[in-house]
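J.: based on what follows, work out the 3D shape:
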Amino acid sequence: MTDSASIPRRSYDFEDYIDILRRNIGWLVGPAFAGLVIATVIAYLVNRQDLYVSWANIRVTPQTISTELYKVVTTQDVADRINGMAQQIESRESLRQIITQFGLYPKLVKSEPMEDVIDKVRNSIGVRVMDGVMAGGKSLPQLVLTFAYTDRFTAQAVCQELVSRFMSASNTDISQANVAANGFVTDEYNLAKQQLDAAEKKLEDFRRANAGRLPEEAQMNIGQISALQNQLGQINQALNRNNEQKMVLDTQLGMAKDRLAAVKSPAAVLHSSKVNDLDKQIETIETQITELKGRYTDSYPGIQSAQDHLAFLKKQRDAAAKEKVVDDGKVYDPTTATVDRMNAQDAIASINTQMKALNIEAAQYRRDMANINRALGDYQARLQNIASVKEYEDLIRDRDAARAQWFEQDRKRQLSTASMHMEERKQGQTLEVIDQASLPTTPASPQRLKMLPMGIVAGLVLGIMIVAVREVKDTSLKTLKDARMYTQLTVLGSVPFLENDVVVQRRKQMLWVSWATATVAGLAIMAVSIGRYYIHK
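T.: Prediction:
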């Protein structure tokens, strides 16, 4: 006998599938109905506890002031801030307060550890960040906050509490971030100011210690030397003119004395010569005193002794001028003289006055020359001892770098202060509640209306699998097509299968009774499950 497994099966056509469906309709409807019953029991009897989800919508509003004017100094992204605030709200202490405040899961609190209850509440909280409005080329996110609980009113209250805590945490977080940023920037500003002060002090100390010898003053020193040399040449020219004028006056003085001698007696001439000698000594002492005062103070001992000597000479000259001269029995009174003598004396006195003025002028020229020579020496010494160019340039570069750093930190400090003021006035990025916590009307889970079709589909799939297995195992010939295919013979006719009508009728009755019983039982089970759910609800 030929092995049935080695004979290939005939390809099914549409009529074959219709025959398979007709023969196995019960194996398809039964599992589908059983799946519906089982899904109903699971949906209404096993999962009797409904979860209601309350949700709220929060959006991030961009700052109202243009970013071209002021920018927020904190670099934390809005999404990162939201995640940080969510972690803060979902902390153990925060959730413990919410559980105590709203009396969440009272049975679990009595029977389970608090950590398990906190984990259950944490899993009931949902924080979802979504793309929102565009601002400044950047999409500002929106926040959807949800809370799931078995009581819809409690779910709404807890969701509203989470929204309040989220808004409070946002304000606190922004304020703390700005204060921290401002404190950091202020510290950096103070440090930069200290560094700038230190650099300026070093530069000032260097300039003070090397006054006149700084590299930048070299050209100025050269110019001063040139100017002093020009002044020195002018003074030399003036001193030469002074000497020439003195020579002329000396000649005129000699001529005036000769005229005076012509109108005086020999004793009077001698007396006049004595007075003139005293005048010359007085003039010499005065010139010395003028020169000493140009170099020393009035308390210098040499100046004081010269002044005492000058006073003594003046007394002698005054006494000599008043002294009467006797010549050949005649008394010569210097205070009384003829017109010629007086003219000669006036000429001599005028020349002496001019000579005195020229001497004083010459002394002043010599003092100026001494001062100029000292100044020239100082400037030449400065040129010879120019301070270190590299050290001076390093100090200037350090000062400029410290000043640039201070300017930058000052700019950042102003921006940070402006950012703080902007956040205090709610002009920066803020959170705004668009939709308050909703009051759910239908449970979010379990989704019973979705579970029932899923049960039917699962049962139908199971029935199809059973039908497929039955058809694979069934190798009997069912149609004329099977007979022609497997026997390779021509079919001349067919004899129908005949059964006893009573047996057929009884089989049909048993089938209908079975199906009716199963249907009623299934409907009863579904009714009990649904009724029990609504009674307990």
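
J.: all helices of the stretch 151-300 of the chain, in order?
T.: 152-209, 218-262, 266-295 (DSSP state H, counting those that start in this stretch).

J.: which one of those helices lies closest to residue 146?
T.: helix 152-209 (6.9 Å; Cβ to Cβ). Bear in mind the C-beta positions are built from the backbone N, C-alpha and C, glycine included.

J.: now do that closest one: distance to the chain's middle.
T.: Relative to its chain's centre, helix 152-209 lies at 9 Å (Cα atoms, centre = their mean, to the nearest Å).

J.: other SSEs contacting that helix?
T.: Contact here means 3 or more Cβ pairs under 8 Å, 6 or more residues apart in numbering; DSSP states H and E; on that basis helix 152-209 packs against strand 52-61, helix 78-89, helix 92-102, strand 138-149, helix 389-424, strand 430-435.

J.: try it again at 10 Å.
T.: strand 52-61, helix 78-89, helix 92-102, helix 114-124, strand 125-135, strand 138-149, helix 389-424, strand 430-435 (3 or more Cβ pairs under 10 Å, 6 or more residues apart in numbering; DSSP states H and E).

J.: pLDDT at residue 4, what is it?
T.: With respect to pLDDT, residue 4 scores 47.

J.: on that earlier part again, make CSV out of the helices of the stretch 151-300 of the chain and add distance to residue 144.
T.: What follows is the helices of the stretch 151-300 of the chain, written out as CSV (distance: least, Cβ to Cβ, whole Å):
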stretch, distance to residue 144
helix 152-209, 11
helix 218-262, 75
helix 266-295, 95
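
J.: out of those helices, which gets nearest to residue 81?
T.: The nearest among the helices of the stretch 151-300 of the chain, by Cβ to Cβ, is helix 152-209 at 6.3 Å.

J.: measure residue 292 to residue 528 for me?
T.: If you measure residue 292 against residue 528 using Cβ to Cβ, to the nearest Å, the figure is 137 Å.

J.: who has more neighbours, those two?
T.: For residue 292 versus residue 528, neighbours defined as other Cβ atoms under 10 Å are more numerous around residue 292 (19 against 14).

J.: which one is that one nearest to, not counting chain neighbours?
T.: residue 303 (4.8 Å; Cβ to Cβ, 6 or more residues apart in numbering).

J.: and that neighbour, that's in a strand?
T.: No - applying DSSP: H, G, I helix; E, B strand; the rest coil, one finds residue 303 to be helix, outside a strand.

J.: that one and residue 364: what is the separation?
T.: For residue 303 relative to residue 364 (Cβ to Cβ), the value is 16 Å.

J.: do residue 523 as well
T.: 139 Å.

J.: look at these two and report which has more neighbours.
T.: Of the pair residue 523 and residue 364, residue 364 is the one with more neighbours under other Cβ under 10 Å, namely 17 against 14.

J.: and that one, what helix or strand is that in?
T.: Secondary structure assignment for residue 364, by DSSP states H and E: helix 339-384.

J.: relative orientation of that helix and helix 218-262 in degrees?
T.: 160 degrees (axes from the mean of the first three to the mean of the last three Cα atoms, to 10 degrees).

J.: for helix 339-384, give the mean pLDDT please.
T.: Mean per-residue pLDDT for helix 339-384: 80.

J.: elements contacting it?
T.: helix 218-262, helix 266-295.

J.: who wins for proximity to residue 475 among those helices?
T.: helix 218-262 (120.3 Å).

J.: in a helix, that's where residue 104 is, yeah?
T.: No - Residue 104 sits outside any helix when classified using three-state DSSP, being coil.

J.: contacting residues around the closest residue to it other than its chain neighbours?
T.: Using Cβ to Cβ, 6+ apart and skipping the chain neighbours, the partner closest in space to residue 104 is residue 121 (6.0 Å). When contacts are counted by Cβ atoms under 10 Å, 6 or more residues apart in numbering, residue 121 touches 90, 94-96, 98-99, 102, 104-105, 108, 147-149, 158.

J.: buried subset of those residues?
T.: Burial by neighbour count, 16 or more other Cβ atoms under 10 Å: within those this picks out 90, 94-95, 98-99, 102, 104-105, 147-149, 158.

J.: could you measure residue 470 against residue 348, distance?
T.: In this structure, residue 470 and residue 348 are 168 Å apart, going by Cβ to Cβ.

J.: do residue 100 as well
T.: Taking Cβ to Cβ, one finds residue 100 at 125 Å from residue 348.

J.: any weak-confidence spans in the stretch 201-350 of the chain?
T.: Applying pLDDT under 70 to the stretch 201-350 of the chain flags the ranges 212-218, 259-275, 294-295, 320-342.

J.: the more surrounded of residue 100 and residue 348?
T.: residue 348 (21 against 11).

J.: skipping adjacent residues, who's closest to that one in space?
T.: Using Cβ to Cβ, 6+ apart, the closest residue to residue 348 is residue 256 (4.6 Å).

J.: thought residue 83 was touching residue 127?
T.: Yes - in this structure, residue 83 is within contact of residue 127 by Cβ atoms under 10 Å, at 8.0 Å.
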